[in-house]
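Participant: here is the input, now give the coordinates:
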Amino acid sequence: MDLTAYEAKAEKLKAISHPHRLCIIKGLMENSCNVTKIQECLNLPQSTVSQHLAKLKAAGIIEGKRCGLEICYRVVDEDVIEVVKKLFRK
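Facilitator: Numbering: from 1, shown residues only. Below is the predicted model:
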């Protein structure tokens, strides 16, 4: 049995398993935004938000696009979008 596919999925689940990262993903699914906006929303230091974003970006869950002087982030992983939608469905 080849566990490669399972390992990749498990890494995504690990990346989204932190409450702040889950909140960031859910917020970015609704509206792409920059670090400052995320920082204000979560009331966390900019360095902490940047670390969470780096982990999500390394996992391929989000991507950043330059918008003038800022980088706007958005969720690009369809599997993660579906998981988060199911977690927060009413």
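Participant: going forward, measure contacts and count neighbours with C-alpha atoms only.
Facilitator: OK.
Participant: can I get the lowest-mean-pLDDT helix or strand in the chain in PDB? Just the C-alpha atoms.
Facilitator: In the chain, no helix or strand scores lower on mean pLDDT, DSSP states H and E than helix 35-42, which sits at a mean of 89. Backbone C-alpha positions of helix 35-42 (Å, rounded to 0.1, in the frame of the first residue of the first chain) are rendered in PDB as follows:
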ATOM      1  CA  VAL A  35      -1.700  40.500   6.900                       C
ATOM      2  CA  THR A  36      -2.700  43.700   8.500                       C
ATOM      3  CA  LYS A  37      -6.400  43.000   8.100                       C
ATOM      4  CA  ILE A  38      -6.000  39.400   9.400                       C
ATOM      5  CA  GLN A  39      -3.900  40.700  12.300                       C
ATOM      6  CA  GLU A  40      -6.700  43.200  13.300                       C
ATOM      7  CA  CYS A  41      -9.400  40.600  13.000                       C
ATOM      8  CA  LEU A  42      -7.500  38.000  15.100                       C
END
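Participant: residue ranges of the helices in this structure, please?
Facilitator: Taking DSSP state H, the helices of the chain run over residues 4-16, 19-30, 35-42, 46-58, 78-87.
Participant: and these: which comes nearest Gly68?
Facilitator: Gly68 sits nearest to helix 35-42 of all the helices of the chain, at 13.7 Å, using CA to CA.
Participant: so which residue is dead centre in this protein?
Facilitator: With distances taken as CA atoms, centre = their mean, the residue of the chain nearest its centroid is Ile25 (3.9 Å).
Participant: got a list of contacts for the least confident helix or strand of the chain?
Facilitator: Residues from elsewhere that reach helix 35-42, judged by CA atoms under 8 Å, 6 or more residues apart in numbering: His20, Ile24, Pro45, Gln46, Val49, Ser50, Ile71, Cys72.
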